[in-house]
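below is the sequence, then the predicted model.
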Amino acid sequence: GDVYKRQVLDLDAPVSDVLPDVAFADQMTLRQNLNHTAGWDDYAWQPEVLCCLTDTWTGQALVDVVSDELLFEPGTEWAYSNTGYAVVGLAIEERVGRDYAIEVRERLLDPIGLTDSVLPTHEGLPGWMVRGYVGDTGSYVDVSDDMSATVPWTSGEIISTSADIDGTEQLIISLQSNLE
């Protein structure tokens, strides 16, 4: 992405270069956080988060939930973890000095024309968002507001229309064609 091209973040430097106060930051890189080899447990499945899904969480608070120990030494194994994305989000905010959602909007979504995609922690939930329901036949409960957008944060808070998703697919196909 643009932040990487401008060398704002070195994906292979220790996380401690940007975030010295994050636990284990001197042992892992941003690239390891992005490719799930940093060793983090996944904050999303921790009781401290699951009990409080409607609370407003900061990126640092999400990382802190699993900061007592790593699952494995960074770079030695793979385990999917939303925590790594939170670390990268914190690094982006620290380095550029503003909210991650603004960076994504201005440097990714707007330049490629994804005008119907939103980051709800910054822009709020869109009125056109499809509602989610659970339940048995005849008895459904709307659970759309049962989780704060701050819980997925950098690991998946973007909400898009099908047109924007299709546009993204077409852009990727076009870029791949140009590279061949």
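Sure thing, it's come through.

what's the spacing between the residue lying farthest from the centre of the chain and Gly132?
Seen from the C-alpha centroid of the chain, the residue lying at the greatest distance (C-alpha atoms, centre = their mean) is Gly138, 35.3 Å away. Using C-beta to C-beta, to the nearest Å, Gly138 is found at 18 Å from Gly132. The C-beta positions use only the backbone N, C-alpha and C, and glycine is treated the same way.

just Tyr80 next, same as before
The span separating Tyr80 from Gly132 equals 22 Å under the rule C-beta to C-beta.

where in the chain is pLDDT low?
Regions of the chain meeting the criterion pLDDT under 70 cover residues 1-7, 178-180.

all strands for it, in order.
Taking DSSP state E to define them, one finds strands in the chain at 133-136, 139-142.

nearest to Leu70, of these?
Closest to Leu70 of the strands of the chain is strand 133-136 (C-beta to C-beta; 33.9 Å).

spatially nearest residue to the residue minimising distance to the centre of the chain, not counting backbone neighbours?
In the chain, the C-alpha nearest the mean C-alpha coordinate belongs to Thr154, at 1.7 Å (C-alpha atoms, centre = their mean). Of all residues beyond its chain neighbours, the one nearest Thr154 is Gly89 (3.3 Å), with distances taken as C-beta to C-beta, 6 or more residues apart in numbering.

before I go, just wanted to say thanks for your time.
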